[in-house]
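>>> Test case, fold it:
(one chain, ligands or ions: 2)
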Amino acid sequence: MSTPQSILHEVFGYGQFRGPQQAIIEHVTGGGDALVLMPTGGGKSLCYQIPAIVRHDAGHGVAIVVSPLIALMHDQVGALHEAGVDAAFLNSTLDWQAALDVERRLARAEVTLLYAAPERLTTPRFLELLDGLHAQERLSLFAIDEAHCVSQWGHDFRPEYRALTVLHERYAGVPRIALTATADALTRADIVERLQLQQARQFVSSFDRPNIRYRLVEKKDPTQQLLRFIESEHEGDAGVVYCQSRKRVEEIAQTLAGHGINALPYHAGLDAAVRQAHQDRFLREEGIVMVATIAFGMGIDKPDVRFVAHLDMPKNIEGYYQETGRAGRDGQPADAWMAYGLADVVNQRRMIDESPAGEEFKQVMRGKLDALLALAEATDCRRVRLLGYFGEESRPCGNCDNCLHPPAVWDATDAARKLLSTIYRVQQMSGISFGAGHVMDILRGKASDKVKQFGHEAISTFGLGAEYSEAQLRGVLRQLIATGAVAVDAAAYNTLKLTDLSRAVLRGEEPVRIRESVAAPAQHRAKRER
Ligand code: ADP
Ligand code: ZN
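Ligands and ions are numbered 1, 2, ... in the order given. You can find the predicted model right below:
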């Protein structure tokens with residue numbers, strides 16, 4: 001009789017389970033539901049492949065694997081065939097005859113694993129097949145890969161995933177395992193809710209990728225900065241450069257190529273054949289730099305990507321983490337490099353504001369953008385921040401820019417105290433909270449219409465921060481928000497509120513330090529230099 005252990009050795013040829021694999025595999029093999037959070041390269045596939053094989057051998061029939069990525073299906077089914085496992089896929093690349101053939105074998109429960117795209121799964125024809133299998137108790141397992149696609153809060157929402165609730169409702173009793181490499185607390189809760197996995201056991205691995213060195217630099221002349229980064233540290237290496245727009249992808253690919261770098265463009269505006277050719281070259285040849293929009297990367301399993309560069313700021317930390325996670329899957333040192341600037345922030349904000357989404361959605365998106373910004377402006381360990389975002393505590397890593405070269409900082413405690421007391425006083429005086437722009441206007445002594453309308457010129461901090469520019473105060477505010485000393489009330493037009501942590505800053509007990517490059521006012525610099 002086959003056991004998870006024997007399958008690991010005999011079918012996959014591995015000596016040992018990795019991390020939480022054994023616990024997950026035993027739980028699912030035994031018929032339990034599971035939600036698995038494991039970083040890219042952690043070994044998620046075995047977590048459903050081995051239960052599928054063991055359960056098939058025990059007469060439980062076919063495991064259905066839901067995957068949004070056709071390329072990934074092909075790779076996995078190919079690898080399973082090589083290992084002697086009977087696997088198949090159903091997707092749009094099959095012609096009518098081939099699909100019919102797979103369906104016939106499926107109906108007889110001959111295959112051990114069947115991979116299908118989510119939109120296929122919920123077609124009447126496919127459901128009928130599943131009904132037939134279910135009636136004979138020949139559905140062994142449902143595996144839902146890239147489970148974050150079910151959440152509108154995730155960075156890759158796919159509406160087809162919503163319909164997967166049918167699995168639970170129509171085929172109750174068939175074990176389900178959902179897997180993802182990227183989900184913050186909100187996305188996680190949404191997955192549980194949407195897929196009705198309240199009873200599922202959660203397996204949360206460490207998200208740390210210790211071999212990736214994080215570096216976030218302020219954008220000055222981004223193209224030159226990127227060139228310098230690649231030429232001085234990654235000559236001849238494979239890498240990915242992410243840009244915001246198709247136009248920029250083209251420009252950057254050309255510039256890099258003009259400097260002798262083996263760069264290729266990739267974006268959704270290119271012909272499918274060209275995209276495929278570029279992707280194949282990236283996978284097969286050495287030292288190709290793919291300049292791409294985020295259309296590139298999902299399901300690309302290339303172990304020796306030595307760097308991932310972001311020339312524009314992504315939307316949120318989940319996206320950033322997923323994209324940078326494509327570097328260094330082989331465990332060897334790799335760089336995650338990002339250039340960010342105020343314009344990025346303004347752009348991302350505008351995209352949120354102008355999107356047709358509802359107000360609640362926009363507030364969540366703004367909050368996520370702010371968290372990424374806080375990461376960019378952090379003066380302490382990037383990894384501690386990054387992991388903290390995913391709910392994981394850690395110690396300074398010694399392998400990020402801030403750990404290796406602690407940034408120069410200026411003491412913004414005074415500015416912070418003035419901001420906090422302004423937030424406090426407007427609330428006291430008017431009984432309601434106000435947003436960042438208004439608070440900064442008061443502190444800088446700007447008698448805007450709104451300031452006049454509320455009589456806020458009378459507040460004792462009015463004009464007390466005239467020496468600070470708006471950008472400087474924004475830097476300080478972002479820092480306060482990032483450290484929790486100010487709360488942004490998303491439900492009330494992003495107004496600012498004090499928190500339990502504000503008091504220590506107000507009393508001057510908690511120094512506030514800002515990256516020099518971001519917001520050092522001239523007089524502070526001068527003072528220090530003297
Ligand atoms: P993920 O889907 O989490 O990104 P994969 O399932 O693709 O990760 O696994 C990443 C790599 O690790 C694959 O090459 C896989 O064969 C390998 N792997 C997984 N589990 C083990 C193990 N227990 N021992 C050795 N290699 C493993
Ligand atoms: Zn660090």
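
>>> Burial check on the closest residue in space to residue 165 that isn't next to it in sequence, number of neighbours?
Leaving out its chain neighbours, the residue that sits closest to residue 165 by Cβ to Cβ, 6 or more residues apart in numbering is residue 196, at 6.2 Å. All C-beta atoms are positioned from the backbone trio N, CA, C, and that covers glycine. Residues contacting residue 196 under the criterion other Cβ atoms under 10 Å number 15.

>>> There's contact between residue 196 and residue 164 in this structure, I believe.
No: the pair residue 196 / residue 164 is not scored as a contact, 9.6 Å apart, by Cβ atoms under 8 Å.

>>> Which single residue of the stretch 401-530 of the chain ends up nearest ligand 2?
Here the residue of the stretch 401-530 of the chain nearest ligand 2 is residue 403; by Cβ to the ion that distance is 3.3 Å.

>>> what comes up buried for stretch 393-404?
Using 16 or more other Cβ atoms under 10 Å as the test for burial, stretch 393-404 gives 397, 399, 400, 401, 402, 403.

>>> Contact distance from ligand 1 - what residues of the stretch 201-350 of the chain qualify?
Contacts of the stretch 201-350 of the chain with ligand 1, taken as Cβ under 6 Å from any ligand atom, map to residue 301.

>>> got a list of what the residue nearest the centre of the chain touches?
Nearest to the geometric centre of the chain sits residue 318, at 1.9 Å (Cα atoms, centre = their mean). Neighbouring residues of residue 318 by Cβ atoms under 8 Å, 6 or more residues apart in numbering: 148, 154, 155, 182, 183, 184, 187, 368.

>>> The residue of the stretch 151-300 of the chain found nearest ligand 2 in helix, strand or coil?
Residue nearest to ligand 2 within the stretch 151-300 of the chain: residue 214 (7.3 Å; Cβ to the ion). What DSSP: H, G, I helix; E, B strand; the rest coil gives for residue 214 is strand.

>>> now do residue 496
Assignment for residue 496 (three-state DSSP): strand.

>>> what residue of the chain is the furthest out?
The chain, farthest from centre, Cα atoms, centre = their mean: residue 458 at 45.1 Å.

>>> which residues sit in contact with that one?
Contacts of residue 458 by Cβ under 8 Å, 6+ apart are residue 429.

>>> one step back: unless I'm mixing things up, the residue of the stretch 151-300 of the chain closest to ligand 2 is touching residue 400, no?
Yes: at 4.4 Å, residue 214 counts as touching residue 400 under the criterion of Cβ under 8 Å.

>>> And for stretch 279-293, what's in contact with it?
For stretch 279-293, the external contacting residues (Cβ under 8 Å, 6+ apart) are 71, 230, 236-246, 249, 252-253, 256, 261-268, 278, 296, 300, 302.

>>> Return the members of these classed as buried.
Using 16+ other Cβ under 10 Å as the burial test, those include 71, 230, 237-244, 246, 249, 252-253, 256, 261-267, 278, 296, 300, 302 as buried.

>>> Among those residues, name the ones in strands.
When DSSP state E is applied, the buried ones among the contacts of stretch 279-293 are split such that 239, 240, 241, 242, 263, 264, 265, 266 fall in strands.

>>> between these, which is nearest ligand 1?
Of all these, ligand 1 sits closest to residue 240, with 15.9 Å by Cβ to the nearest ligand atom.

>>> so what's that closest one bridging to?
residue 290, residue 308 (DSSP bridges).

>>> before we move on, back to that, am I right that the residue of the stretch 401-530 of the chain closest to ligand 2 is in a strand?
No: using three-state DSSP, the assignment for residue 403 is helix, not a strand.

>>> Check what pLDDT it gets.
Note on residue 403: pLDDT of 96.

>>> Does residue 132 touch residue 107 like I think?
Yes: the pair residue 132 / residue 107 is scored as a contact, 6.0 Å apart, by Cβ under 8 Å.

>>> count of residues packed around the closest residue to residue 192 other than its chain neighbours?
The shortest distance from residue 192 to any residue other than its chain neighbours is 6.0 Å, reached at residue 198 (Cβ to Cβ, 6+ apart). Here the number of neighbours of residue 198 (other Cβ under 10 Å) works out to 9.

>>> Over to residue 198. Which of the three states is it?
Per three-state DSSP, residue 198 ends up coil.

>>> count of residues packed around whichever residue of the stretch 201-350 of the chain sits closest to ligand 1?
Using Cβ to the nearest ligand atom, the single residue of the stretch 201-350 of the chain nearest to ligand 1 is residue 301, 6.0 Å away. Residue 301 has 14 neighbouring residues, counting by other Cβ under 10 Å.

>>> what's near enough to touch it?
For residue 301, the contact set (Cβ under 8 Å, 6+ apart) comprises 72, 75, 329.

>>> ok, now residue 177?
So residue 177 contacts 24, 28, 33-36, 47-48, 51, 141-144 (Cβ under 8 Å, 6+ apart).

>>> So which of these is the closest to ligand 1?
Using Cβ to the nearest ligand atom, the contacts of residue 177 come closest to ligand 1 at residue 47, 7.8 Å.

>>> Quick check: the closest one touching residue 36?
Yes: with contact defined as Cβ under 8 Å, residue 47 counts as touching residue 36 (5.8 Å).

>>> Pick out whichever of the two has more residues nearby.
The neighbour comparison of residue 47 against residue 36 (other Cβ under 10 Å) goes to residue 36, with 28 against 25.

>>> which residues does the more buried one contact?
20, 24, 44, 47, 177, 178, 179, 180, 202, 203, 205.

>>> Which of the residues you listed fall within helices?
If you go by DSSP state H, the contacts of residue 36 have 24, 44, 47 in helices.

>>> if I look at the second one, how far off is residue 10?
Just to be clear, that refers to residue 44. Here the criterion is Cβ to Cβ, to the nearest Å. By it, residue 44 lies 21 Å from residue 10.

>>> and the gap between residue 81 and residue 99?
18 Å.

>>> more crowded one of those two?
Neighbours were counted for residue 81 and for residue 99 using other Cβ under 10 Å; residue 99 has more, 18 against 12.

>>> Please identify the buried residues of the strand or helix carrying the more buried one?
In this assignment (DSSP states H and E), residue 99 forms part of helix 96-107. By 16+ other Cβ under 10 Å, the buried positions in helix 96-107 come out as 99, 102, 103, 106, 107.

>>> Work out the gap between the first helix or strand past that helix going along the chain and the centre of the chain.
Toward the C-terminus, helix 96-107 is succeeded by strand 113-116 as the next helix or strand (DSSP H and E). Strand 113-116 sits 26 Å away from the centroid of its parent chain (Cα atoms, centre = their mean, to the nearest Å).

>>> For strand 113-116, the averaged confidence score.
Averaging pLDDT along strand 113-116 yields 96.

>>> Right, I'll call it a day here.
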